[in-house]
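K.L.:
Okay, predicted coordinates and the sequence, questions at the end:
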Amino acid sequence: MRVKDGDWFTEVCDEAGSAFSLRVTKKLYNERSRYQTIEVYETSHFGNLLVLDGFVMLNARDNFIYHEMMSHPALYTHPHPKRVLVIGGGDCGCLGEVLKHREVIAAELVELDERVTRVSEQFFPELCAASNDPRASLHFTDGVAWVARAEPGAYDIIIVDSTDPIGQAARLFQAPFYASCRRALGDEGVLIVQSESPLIHLELIHSIRSEMGKAGFQHVSTLHFPQCAYPSGWWSATLAGGRFPHAEFRDSDARAKRFTTRYYNADIHRSALAQPTFMQER
């Protein structure tokens, strides 16, 4: 929708019959890139707001929850993560969380739309600071093709920080992509994908879990966390791995971590693995 200064930005979720609004104090940026419309707003209480094709991607106030939960559970599930690939995530928030782990020796980000990263560098510089880390490399190309071309066992962790399963991003929710990820991961490799709202998109989550199993992932678990700016305020990420049950994550290492997080900790990790009853009924 069109937003004027002093008005509200509203994202409507038709499938849930709901909407979420933030008070806008100023429109800071608007661009039509090769792939999508990119907008940035200044809000009264949530800081800067990034919007792609009318959908909220992140805001300055609560993005840390999403980025931490998309990163640290996977890294603490793998016994010794060294090589990490982030698909999507052009705002570099997940990349920054990954690079907090000293044992990571290489972190690659593959983002289709370079303009998302350049706009984020301007309006969310705190998220993009880690892209200057010598262990980081950024590639602006098709993530699906990148993973398909990867050498077998090239990565320990793959993080899929995608938009909703619409347009180009829909391929990131399909069986051929998961099969490519399984091949590109080592025997102990871990895949994590954002998997939408359990309250609204339960069928999608069931589909993701099923397709991951078909792709050869032995263990699949869905994590839960709050995210007030996304539809329903309740979001999820789905973990897939080959060798270790996810409940056997490196709890002691998570408790002894040497970096700061605002949401993630070992107890949050363990509790996020608990499944609501309605998700166990199938």
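P.N.:
That came in fine, so what should we check first?
K.L.:
Count the residues that sit near the residue lying closest to residue 113 once chain neighbours are set aside.
P.N.:
Counting by Cβ to Cβ, 6 or more residues apart in numbering, the nearest residue to residue 113 once its immediate chain neighbours are dropped is residue 35, at 4.6 Å. For every residue, glycine as well, the C-beta is placed using N, CA and C. Using other Cβ atoms under 10 Å, the number of residues around residue 35 comes to 15.
K.L.:
got a pLDDT number for residue 35?
P.N.:
What the model reports for residue 35 is a pLDDT of 95.
K.L.:
Assign a three-state SS to it, would you?
P.N.:
Going by DSSP: H, G, I helix; E, B strand; the rest coil, the secondary structure assigned to residue 35 is coil.
K.L.:
Against residue 179, how distant is it?
P.N.:
The span separating residue 35 from residue 179 equals 25 Å under the rule Cβ to Cβ, to the nearest Å.
K.L.:
nearest residue to residue 10 other than its sequence neighbours?
P.N.:
Spatially, and ignoring its direct neighbours in sequence, residue 10 is nearest to residue 21 (4.4 Å; Cβ to Cβ, 6+ apart).
K.L.:
can you check residue 245 too?
P.N.:
Nearest non-adjacent residue to residue 245, counting by Cβ to Cβ, 6+ apart: residue 219, 5.5 Å away.
K.L.:
so who does the one you found touch?
P.N.:
Contacts were defined as Cβ atoms under 8 Å, 6 or more residues apart in numbering; by that measure residue 219 touches 239, 240, 241, 242, 243, 244, 245, 246.
K.L.:
a strand runs through residue 236, doesn't it?
P.N.:
Yes: with three-state DSSP as the criterion, residue 236 is part of a strand.
K.L.:
Look up the residues forming beta bridges with it.
P.N.:
In this structure, residue 236 bridges to residue 224 when assessed by DSSP bridges.
K.L.:
burial count for it?
P.N.:
Neighbour count of residue 236, defined by other Cβ under 10 Å: 24.
K.L.:
Is it in contact with residue 198, as I believe?
P.N.:
Yes: here residue 236 reaches residue 198: they are 5.3 Å apart, a contact under Cβ atoms under 8 Å.
K.L.:
Identify the contacts common to those two.
P.N.:
Between them, residue 236 and residue 198 share these contacting residues under Cβ under 8 Å, 6+ apart: 205, 222, 224.
K.L.:
Please indicate which of those has the highest neighbour count?
P.N.:
Most surrounded of those: other Cβ under 10 Å gives residue 222, at 21 neighbours.
K.L.:
quick one on the thing from earlier: can you tell me the SS state at the residue nearest to residue 10?
P.N.:
When states are read from three-state DSSP, the local structure at residue 21 comes out as strand.
K.L.:
OK, contacts around it?
P.N.:
8, 9, 10, 11.
K.L.:
Quick one: buried ones out of those residues?
P.N.:
Restricting the contacts of residue 21 to buried positions leaves 9, 11, with burial counted as 16 or more other Cβ atoms under 10 Å.
K.L.:
which of the contacts of residue 21 lies closest to residue 26?
P.N.:
Comparing the contacts of residue 21 against residue 26 with Cβ to Cβ picks out residue 9 as the nearest, at 11.3 Å.
K.L.:
so is the closest one in a helix, a strand, or just coil?
P.N.:
At residue 9, secondary structure determined by three-state DSSP is strand.
K.L.:
Any regions of the stretch 1-150 of the chain where pLDDT drops low?
P.N.:
Regions of the stretch 1-150 of the chain meeting the criterion pLDDT under 70 cover residues 1-6.
K.L.:
Which stretches in it count as strands?
P.N.:
In the stretch 1-150 of the chain, the strands defined using DSSP state E, counting those that start in this stretch lie at 8-13, 18-32, 37-43, 48-52, 55-59, 83-88, 106-110, 136-139.
K.L.:
any idea which of those strands is most buried?
P.N.:
When neighbours are counted by mean count of other Cβ atoms under 10 Å, the highest per-stretch mean among these falls to strand 83-88, a mean of 25.
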